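In: predicted model and sequence below, questions to follow.
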Amino acid sequence: IELGDFGEKEVNQLLMALLSIDVESHIKGLASICYKRTLGNPFFLLEFVKSLEEEGLLFFHLGTFQWLWDESDIEAKTKSTNNVVDFLQAKMRMQSLEAQ
């Protein structure tokens, strides 16, 4: 099975589904950042979103039962994430020596 890159609309739809968000305009800014950083690569996109959660840039607020994020914070802290190879290398460096 071959899976091509997602367009911005598909990234938006995927994030809406992943984060259980019904209003498209609420997710549009995050989707735009995710698309710019991953260029719609499905594997990279899922890893990128996972890393946002791991780094606390995307978190579930138990009081409101909603996913929350700060787009300007994500923009600032993910600027160096330009491609999947750099991204994975950075993630690997964060692992213990045994895991590497």
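Out: Nice, I can see it.
In: kindly export the longest helix seen in the chain (C-alpha atoms) in PDB.
Out: Here the longest helix in the chain is taken by residue count, with DSSP state H as the criterion, and it is helix 24-38. Included here for helix 24-38 are C-alpha records, laid out as PDB according to Å, rounded to 0.1, in the frame of the first residue of the first chain:
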ATOM      1  CA  GLU A  24     -12.700  23.300  11.800                       C
ATOM      2  CA  SER A  25     -11.700  26.900  12.500                       C
ATOM      3  CA  HIS A  26     -10.500  25.900  16.000                       C
ATOM      4  CA  ILE A  27      -7.800  23.600  14.700                       C
ATOM      5  CA  LYS A  28      -6.800  25.500  11.500                       C
ATOM      6  CA  GLY A  29      -3.800  27.300  13.100                       C
ATOM      7  CA  LEU A  30      -2.300  24.100  14.600                       C
ATOM      8  CA  ALA A  31      -3.000  22.200  11.300                       C
ATOM      9  CA  SER A  32      -1.200  24.900   9.300                       C
ATOM     10  CA  ILE A  33       1.900  24.600  11.600                       C
ATOM     11  CA  CYS A  34       1.800  20.800  11.400                       C
ATOM     12  CA  TYR A  35       1.500  20.900   7.600                       C
ATOM     13  CA  LYS A  36       4.400  23.400   7.300                       C
ATOM     14  CA  ARG A  37       6.600  21.300   9.500                       C
ATOM     15  CA  THR A  38       5.800  17.900   8.000                       C
END
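In: for that helix, which outside residues touch it?
Out: Contact partners of helix 24-38, identified using Cβ atoms under 8 Å, 6 or more residues apart in numbering, comprise 6, 8, 11-12, 15-16, 19, 21, 44-45, 48-49, 58, 69, 71, 74-75, 78, 81-82, 84. C-beta: built from backbone N, CA, C; applies to glycine.
In: list only those of those residues flagged as buried.
Out: 6, 11-12, 15-16, 19, 21, 44-45, 48-49, 58, 69, 74, 78, 81, 84 (16 or more other Cβ atoms under 10 Å).
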